[in-house]
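Trainee: Output the structure for:
(one chain, ligands or ions: 1)
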Amino acid sequence: MAEGNDSKRQGTGDLEHPRTIEWLGDRVRLIDQTCLPGRLVRKEITDYRELAESIRRLEVRGAPAIGVAGAMGLALAGLESEAGDFEELLRDVKEAAEHLAGTRPTAVNLRWAVDRVLRSATSEAGGDPEALRAALVDEALALTEEDRELSRSIGRHGAALLSDGDTVLTHCNAGGLATAEYGTALAVVYAAVEDGKTISVFADETRPLLQGARLTAWELGERGIDVTLLVDSAAASAMSRGWIDKVIVGADRIAANGDVANKIGTMPLALSARRFDVPFYVAAPFSTLDAGLASGSEIPIEERSPEEVTTFGGVCTAPEGVRVYNPAFDVTPAGLVSAIITDSGVFRPPYGETLFAGGRGGRA
Ligand code: MRU
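Mentor: Below is the predicted model of the structure:
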């Protein structure tokens, strides 16, 4: 079996979970994930357009984290606008909402968060511009706090599925870095470890942007959790050898029939897991559920630039001008998913109404 790293801190009670993105009163502070694992850089942003660019560049990424970023972006837009009149301010904020929500199309959390903050703040403000500015900040903070709680709930519900000594395989980064704090797929691991279980993780490197290598391996290592890095194409081999007890991944959008959009390379993992009888779990908060889409075929899939595939570490690795297919996400059919772990419980197919009628209600 592959060599593991030293895991000296497992089973020592609560782990430390730094905040991925925070509101500092008049600005946003976020961990610039493009600098990891080399440097832990925190960046402060006062302009919503700059925050939108951070989302586009994946400085902040992961479905719940970009939802929080979008919400804080609207709070910034309210503070930035010089409008003295309510209607004028609302026009500026709505323009910001479209700009922020348009940065990444697949994770529904972004559009959901922006719409929620806009709707709630507008109805709170009673036509007063200063009240609107304050309400945008308040709602963004409420959403951020809720995201932290949702991650903890996902962890608590999912931890029951893990046994002491389990090895979990995960893809991309669905950890603390992908949420306001704590994670979704990795929340399950953290909660199990905080319960005293010893859990090891196999982290797919996640081509082409290496979220698994740069972020998941880093954050697990920081928390003292045993992690083995493997190239995406080695996952089936690890499963065939019986090394993997469970696969747990996050999600960017889950359609009404339970189809799951997540980082490209998730569907092949689900197929391999089915072939080798490994349970395949998806962990996500209710804000990732999209009852408005009947199936995964309706989920918009972001395509990113060819350079992400034709270069590696700044070095050209493909013939100049070659045609490239670079989807950022794929859709795993519901039939390959053993269960969906949400903040309101663990749901197994057939989902019927249950998934969307969970404690927090899902969204229509
Ligand atoms: O392109 P990214 O890095 O934003 O993609 C992230 C993922 O695919 C995650 O698995 C998903 O957003 C869930 S994060 C809790």
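
Trainee: Quick check: K94 vs G221, distance?
Mentor: 43 Å (CB to CB, to the nearest Å). Quick note: C-beta positions are derived from backbone N, CA and C, even for glycine.

Trainee: buried stuff in stretch 187-195?
Mentor: A187, V188, V189, Y190, A191, A192, V193, E194 (16 or more other CB atoms under 10 Å).

Trainee: Low-confidence regions, the stretch 1-150 of the chain specifically.
Mentor: Scanning the stretch 1-150 of the chain for pLDDT under 70 picks out the ranges 1-13.

Trainee: Tell me where it has helices.
Mentor: 48-56, 63-80, 86-101, 108-125, 129-159 (DSSP state H, counting those that start in this stretch).

Trainee: Can you say which of the ones you listed is nearest to the ligand?
Mentor: The closest of the helices of the stretch 1-150 of the chain to the ligand is helix 63-80. By CB to the nearest ligand atom, the value is 3.6 Å.

Trainee: where's the closest one relative to the chain centroid, distance-wise?
Mentor: 15 Å (CA atoms, centre = their mean, to the nearest Å).

Trainee: which parts of the protein sit against the ligand?
Mentor: Proximity of the chain to the ligand, by CB under 6 Å from any ligand atom, involves residues 58, 61-64, 107, 172, 174, 178-179, 184, 211, 250-252, 262-263, 328.

Trainee: mind checking how far T34 is from R214?
Mentor: According to CB to CB, T34 stands 9 Å off from R214.

Trainee: Which one's more surrounded, the two?
Mentor: Per other CB atoms under 10 Å, whichever of T34 and R214 has more neighbours is R214, with 20 against 17.

Trainee: Count the neighbours of the closest residue to G62 other than its chain neighbours for me.
Mentor: Once flanking residues are discounted, G62 sits nearest to A178: 2.3 Å by CB to CB, 6 or more residues apart in numbering. Neighbour count of A178, defined by other CB under 10 Å: 31.

Trainee: next one: phi and psi at A178?
Mentor: With angles defined as degrees, to the nearest 10, A178 sits at phi -90, psi 0.

Trainee: Now the closest residue to the ligand within the chain: closest residue in space, sequence neighbours ignored.
Mentor: Of the residues in the chain, the one nearest the ligand is G250, at a distance of 2.7 Å by CB to the nearest ligand atom. Nearest residue to G250, sequence neighbours excluded (CB to CB, 6+ apart): A174, at 2.7 Å.

Trainee: The one you found against V188, yeah?
Mentor: No - between A174 and V188 there is no contact under CB atoms under 8 Å: 9.3 Å.

Trainee: what's the overlap in contacts for the two?
Mentor: Counting by CB atoms under 8 Å, 6 or more residues apart in numbering, the common neighbours of A174 and V188 are I248, A283.

Trainee: what's near enough to touch L336?
Mentor: L336 neighbours (CB under 8 Å, 6+ apart): M267, A270, L271, A273, R274, F280.

Trainee: hang on, the first one packs against V331?
Mentor: Yes - between M267 and V331 a contact is recorded at 6.8 Å, counting by CB under 8 Å.

Trainee: So which of these two has more stuff around it?
Mentor: V331 (23 against 18).

Trainee: Tell me what the more buried one is bridged to.
Mentor: V331 forms beta bridges with A261, as assigned by DSSP bridges.

Trainee: isn't it right up against D259?
Mentor: Yes - at 5.4 Å, V331 and D259 qualify as touching, with contact defined as CB under 8 Å.
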